[in-house]
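**Q** Build me a model:
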Amino acid sequence: MAESPPEKDHHNVIVRTCRVVMDIKVRISEIPDDYADGFITPDEKNAGMFREWIARQRRLLAALLQDRELFDRYLIATATEDLGMFLGSEHIEDVTDEAAEEIFVQVYSGLNSEDRAYFEGVRKDGLLLDNIELIFDAFESDWQETELIEMRVLHPEDERTSKL
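**A** Okay, the predicted model is just below:
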C-alpha cells in the first residue's frame, strides 16, 4: 500500500510547487446517423422518437461547434474535468451542472424553434443534461497525445501572486 504524502506542516519537509503547462488534445466525434442501430430495432414502437432524440443532439453539437466562444468554454471545461479525473485530484473542480447548462442554453437558443422548445422543456423538467449525453460522449481527452510545454519551479514569492 502506498504511503500518503507528508503533511505540509510536518517538520523536516519542504514543499515547493512546480508549474506545469501542457497541451491536451480533445477529440470531438460526430454523432453518427446510425447510432441508434445498436439500441433499437426498426419495428420498435419508440424508434422514431429515439432517432429524433439523436438527431436533436447532432444539431446541438453542430451549433456548439459553430459558436467559437461557447465551444472554447465547453472545451476548456471538458479538458479541466478530464484532467481532474485523470489525476484523481480534488483540487481540480468538475464542471458544475449549472455551468454546463448555461453553455447549452445559449447554444440551443440559436436552433430552430422546435429544437429550442424541446431543449427548453427538458431543461425546465431538470433533464437537459440527461438529454445531451451523446454530446458529452463525443468529447474525449487524448492523454497519449498530450504534450508537455513548460515546467518551472515556483518560488515562495511567486506562489503568492500566481494563482489562475
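**Q** Who is Val21 paired with across the strands?
**A** Glu150 (DSSP bridges).
**Q** Contacts only, for it.
**A** Shown in contact with Val21 (Cβ atoms under 8 Å, 6 or more residues apart in numbering): 148-151. All C-beta atoms are positioned from the backbone trio N, CA, C, and that covers glycine.
**Q** Okay, helices next: where are they in the protein?
**A** Shown for the chain, the helices assigned by DSSP state H span residues 47-66, 68-87, 97-108, 113-124, 133-138, 156-159.
**Q** Now render those helices as TSV, adding distance to His11, mean neighbour count and mean pLDDT.
**A** Formatted as TSV, those follow (distance: least, Cβ to Cβ, whole Å; neighbours: other Cβ atoms under 10 Å; pLDDT from 0 to 100):
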stretch	distance to His11	mean neighbour count	mean pLDDT
helix 47-66	52	17	91
helix 68-87	28	15	92
helix 97-108	41	16	95
helix 113-124	54	14	97
helix 133-138	46	16	93
helix 156-159	18	10	70
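**Q** could you redo those as JSON lines and give each row distance to Ile24?
**A** Formatted as JSON lines, those follow (distance: least, Cβ to Cβ, whole Å):
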{"stretch": "helix 47-66", "distance to Ile24": "18"}
{"stretch": "helix 68-87", "distance to Ile24": "5"}
{"stretch": "helix 97-108", "distance to Ile24": "19"}
{"stretch": "helix 113-124", "distance to Ile24": "29"}
{"stretch": "helix 133-138", "distance to Ile24": "16"}
{"stretch": "helix 156-159", "distance to Ile24": "24"}
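**Q** out of these, which comes closest to Arg16?
**A** Closest to Arg16 of those is helix 156-159 (Cβ to Cβ; 8.2 Å).
**Q** Tyr35 reaches Trp53, doesn't it?
**A** No. Counting by Cβ atoms under 8 Å, Trp53 is not a contact partner of Tyr35; they are 10.0 Å apart.
**Q** Next up, the contacts around Leu134.
**A** Counting by Cβ under 8 Å, 6+ apart, the residues that Leu134 touches are 31, 35, 54, 57-58, 61.
**Q** Farthest-apart pair in the residues you listed, please.
**A** Tyr35 and Leu61 (11.8 Å).
**Q** Closest to His91 out of the contacts of Val21?
**A** Met151 (18.1 Å).
**Q** centroid residue for this protein?
**A** Among the residues of the chain, the one closest to the centroid is Thr78, at 2.4 Å (Cα atoms, centre = their mean).
**Q** I figured that residue was touching Phe139, is that so?
**A** Yes. With contact defined as Cβ under 8 Å, Thr78 counts as touching Phe139 (4.7 Å).
**Q** Perfect, I'm done here.
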